[in-house]
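> predicted model and sequence below, questions to follow.
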Amino acid sequence: MPRVDADLKLDFKDVLFRPKRSSLKSRSEVDLQRTFTFRNSKQTYIGIPIIAANMDTTGTFEMAQVLSKHTLFTAIHKHYSVEDWKNFAASHPECLEHVAASSGSSSADLEKLCAILEAVPALKYICLDVANGYSEYFVEFVKKVREKFPKHTIMVGKTVLLVKKCLKIQLLC
């Protein structure tokens, strides 16, 4: 039987950013860049923490070229070939600091991810994205990727909703 969760939920219409006093004279003085040091990979990222999703219409090399100029991040969709990645990396090495190679969880996806990371060693970020991010299979897949790529920073999906699974996956990434 389904369980009804009666806890309060908020939506975008329910949230208001309250203005506060600032020492800045102009909006042009605002610096959105942040520095993140990731627990498992020990890498440091400096940029604006906004990511273009790894959908085939937004997570493109063209999008990465534009966004990386502004230190914004792009999770590149998983449909590019290894050859496409090689060409992109050769033509736009300055973008590689602000992109992640995306993968699903099949063995073919993992093989392709391994081939991309071997072909483009400057890539430091991996985005794992599946429809069922809360499944035990996916947790095991994330473990496998972490073991293969201990020095890479791993991002997992756009929406993984179950808290226990999120915490388990977070420890691996």
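That came through fine. Residues are numbered from 1 along each chain as shown.
> from here on, just use CA atoms for contacts and neighbour counts.
OK.
> phi and psi next, for Val142.
In terms of degrees, to the nearest 10, the main-chain angles of Val142 are phi -60, psi -40.
> tell me the centre residue of this protein?
Centroid-nearest residue in the chain, with CA atoms, centre = their mean: Met155, separated by 4.3 Å.
> from His92, how far off is that residue?
22 Å (CA to CA, to the nearest Å).
> same thing with Asp109?
For Asp109 relative to His92 (CA to CA), the value is 24 Å.
> so for the two, which residue has more residues nearby?
Each of Asp109 and His92 has its neighbours counted (other CA atoms under 10 Å); Asp109 has more, 16 against 13.
> now the host helix or strand of that one: buried residues?
Assigned by DSSP states H and E, Asp109 falls within helix 107-119. The neighbour-count check on helix 107-119 (16 or more other CA atoms under 10 Å) flags Asp109, Leu110, Lys112, Leu113, Cys114, Ile116, Leu117 as buried.
> which one of these sits closest to Val142?
Leu110 (10.6 Å; CA to CA).
> ok, now how distant is the closest one from Phe73?
Taking CA to CA, one finds Leu110 at 22 Å from Phe73.
> cool, Leu16 as well?
In terms of CA to CA, Leu16 sits 26 Å off from Phe73.
> ditto for Lys151
Using CA to CA, one obtains 19 Å as the distance from Lys151 to Phe73.
> for Thr60, which non-adjacent residue is spatially closest?
Distance criterion CA to CA, 6 or more residues apart in numbering; nearest residue to Thr60, sequence neighbours excluded, is Ile76 at 5.5 Å.
> isn't that neighbour right up against Asn54?
Yes - if you go by CA atoms under 8 Å, Ile76 and Asn54 touch, sitting 5.1 Å apart.
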